[in-house]
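1. this is the structure alone, sequence omitted:
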């Protein structure tokens, strides 16, 4: 133990350089050794196409099968939705829907559809397709179903006429219209034709996507030309898209699944790839931006870096044990040495830039304190040592998650808690966290901006009614928090809602429901000649219809 104490002491020393700090923890610097690297320019012929690389596998082209940011490029480019969050700060803009209204009790939401918008097969999008799409999503119980299911019951949505849709929700929810960004509208006739054994055409669509010609199931700005689950996809511009193309644009797009960070960085520097999601670690993008072909774009974001802690399984079902974990994590060293000061401490379940968040300067938040950590362990009512080692699951291909797991592992050893680290791909991580029995003790992930409202974070992660979706991987339950969150969802006035979310946030923090660490900037890496990026915290610049080559 003395040897380990000395190691950690050196690890957290202010004299420790970033490079030696990473090496001590066991996190490689991942240096590419490419300083001064010269790469050829992109030819005029190649500039018709944009090729993106990402560590998230597109394991299904069915947009109702996933809703995470890592796979959002497939949904946002091949499919359309009723309203769309765009730009930064995000603004909800009409798309397939042109307007909406709601009753005073917030239970009936009536939307007008755009006339003349077409699916890829040339047929017009109507209210019947919208009703079919929400019924399909609810029945499949995947993707965005988790955010709609608490409010929209099967068969409660109706087509008033060809261009009017009525959502009848079962309880008031003030941010409801913002959820429509996650309802991808699908071609009812095409999917019914390809349905097998009541699967809503999911098997066919998952492997084929929004195909060209008569098989078109979507209406997005691009159509799928080619798809392979472990490789990626290619797409071509949908010339008949309702928005038109009277602006600079791309003719072809592509996505490649590249899990190795160094391979993505090298590909960007060589010009093989023209963009990356923005999850390159600091040292990598410091190297990448030295390439004459790469530019780095930073934008304020509302992306919360978090580690869920299983609240229903011993020993982490004991709040004292969870508090010990939170006191053992050295937030200052994490931010200063690992993140190079590029992120901000976030003490609660709502990111700092969002109203309703807890101010780190005035509110209680956990800080590195081993005496308090050991004190909490002494108060545990479970024999926690017999459950060791505890499993940590970071996201494979996302270095920050791996770093976080290794950093926590080193911190917890100081108080006698051992963990094992088993990285898993995003698709597998989101699958295992749907069930209480398969969810690991710790799961590392980001909670991005799904809709810019406090409920998108604290409501989706810590309302026990949402159990069964990956954001609720902490399996947290506090009846008082549930009550406050449900009340906040019924209130229109922002000031009153903000007070309620702060109250709920304090309870979640007090219960040590999860390890909330930091709020970060978005750092996108693109080819220097790529233009038109429209970053939004909702979707992270994955809508490529605006992209073009200079």
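-> Alright, I've got the coordinates. These figures come from a predicted structure and were not determined experimentally.

2. ok, residue 93 - contacts?
-> Residues near residue 93 by Cβ atoms under 8 Å, 6 or more residues apart in numbering: 83-86. Glycine gets a C-beta too; all of them are placed from N, C-alpha and C.

3. next: residue 507.
-> 478, 480-481, 484.

4. residue 76 reaches residue 538, doesn't it?
-> No - counting by Cβ atoms under 8 Å, residue 538 is not a contact partner of residue 76; they are 9.8 Å apart.

5. just flag the most distant two among the contacts of residue 93.
-> Largest separation among these by Cβ to Cβ: 83 and 86, giving 9.8 Å.

6. more crowded one of these two?
-> residue 83 (21 against 18; other Cβ atoms under 10 Å).

7. which strand or helix spans residue 484?
-> Using DSSP states H and E, residue 484 sits in helix 479-489.

8. from residue 331, how far off is residue 369?
-> 11 Å (Cβ to Cβ, to the nearest Å).

9. just the strands in the stretch 1-150 of the chain please.
-> All strands of the stretch 1-150 of the chain, identified by DSSP state E, counting those that start in this stretch, fall at 49-54, 83-86, 91-94, 97-102, 108-113.

10. which one of those strands lies nearest to residue 279?
-> Closest approach to residue 279 among the strands of the stretch 1-150 of the chain is made by strand 49-54 (8.5 Å; Cβ to Cβ).

11. next, count neighbours for the nearest residue to residue 367 once chain neighbours are set aside.
-> Computed as Cβ to Cβ, 6 or more residues apart in numbering, the closest residue to residue 367 that is not its neighbour in sequence is residue 331, at 6.4 Å. Residues near residue 331, counting by other Cβ under 10 Å, number 20.

12. can you check the pLDDT for residue 331?
-> pLDDT for residue 331: 98.

13. now swap in the one 4 residues further on and tell me
-> Per-residue confidence (pLDDT) for residue 335: 96.

14. hang on, it in a helix?
-> Yes - under DSSP: H, G, I helix; E, B strand; the rest coil, residue 335 falls within a helix.

15. mind listing what the residue lying closest to residue 127 once chain neighbours are set aside touches?
-> Leaving aside its chain neighbours, residue 127 sits nearest to residue 159 (3.7 Å; criterion: Cβ to Cβ, 6+ apart). Going by Cβ under 8 Å, 6+ apart, residue 159 touches 126-128, 130-131, 165-166.

16. for the stretch 251-400 of the chain, what spans make up the helices?
-> Secondary structure of the stretch 251-400 of the chain, counting by DSSP state H, counting those that start in this stretch: helices at 261-270, 282-288, 319-328, 331-333, 370-378, 399-413.

17. any idea which of those helices gets closest to residue 458?
-> The nearest among these, by Cβ to Cβ, is helix 319-328 at 16.9 Å.

18. between helix 479-489 and the biggest helix by length in the chain, find me the angle.
-> Criterion DSSP state H: the longest helix present in the chain is helix 494-510. Going by axes from the mean of the first three to the mean of the last three Cα atoms, to 10 degrees, helix 494-510 is angled at 160 degrees with respect to helix 479-489.

19. average pLDDT for helix 494-510, rounded please.
-> Averaging pLDDT along helix 494-510 yields 97.

20. over to stretch 404-421?
-> Averaging pLDDT residue by residue across stretch 404-421 gives 98.

21. same check on stretch 237-245?
-> 97.

22. and the pLDDT at residue 286?
-> 85.

23. for residue 294, see how far away it is.
-> Separation of residue 286 from residue 294 (Cβ to Cβ) stands at 11 Å.

24. who has more neighbours, these two?
-> residue 294 (26 against 13).

25. how about that one: which residues does it bridge to?
-> residue 527 (DSSP bridges).

26. just give the closest residue to residue 455, not the sequence neighbours.
-> Per Cβ to Cβ, 6+ apart, closest to residue 455 is residue 175, 5.8 Å.

27. and that neighbour, how far is that from residue 113?
-> The spacing between residue 175 and residue 113, counted by Cβ to Cβ, is 21 Å.

28. between these two, which is the more surrounded one?
-> residue 113 (24 against 18).

29. quick one, what contacts the residue lying closest to the more buried one once chain neighbours are set aside?
-> Excluding the flanking residues, the one nearest residue 113 by Cβ to Cβ, 6+ apart is residue 163, at 4.4 Å. Residue 163 is in contact with 112-115, 126-127, counting by Cβ under 8 Å, 6+ apart.

30. ok, 10 Å please
-> 97-98, 111-117, 124-127, 130 (Cβ atoms under 10 Å, 6 or more residues apart in numbering).

31. same deal with residue 538?
-> Here residue 538 is in contact with 69, 72, 76, 84-88, 90-92, 178, 181-182, 302, 448-452, 456 (Cβ under 10 Å, 6+ apart).
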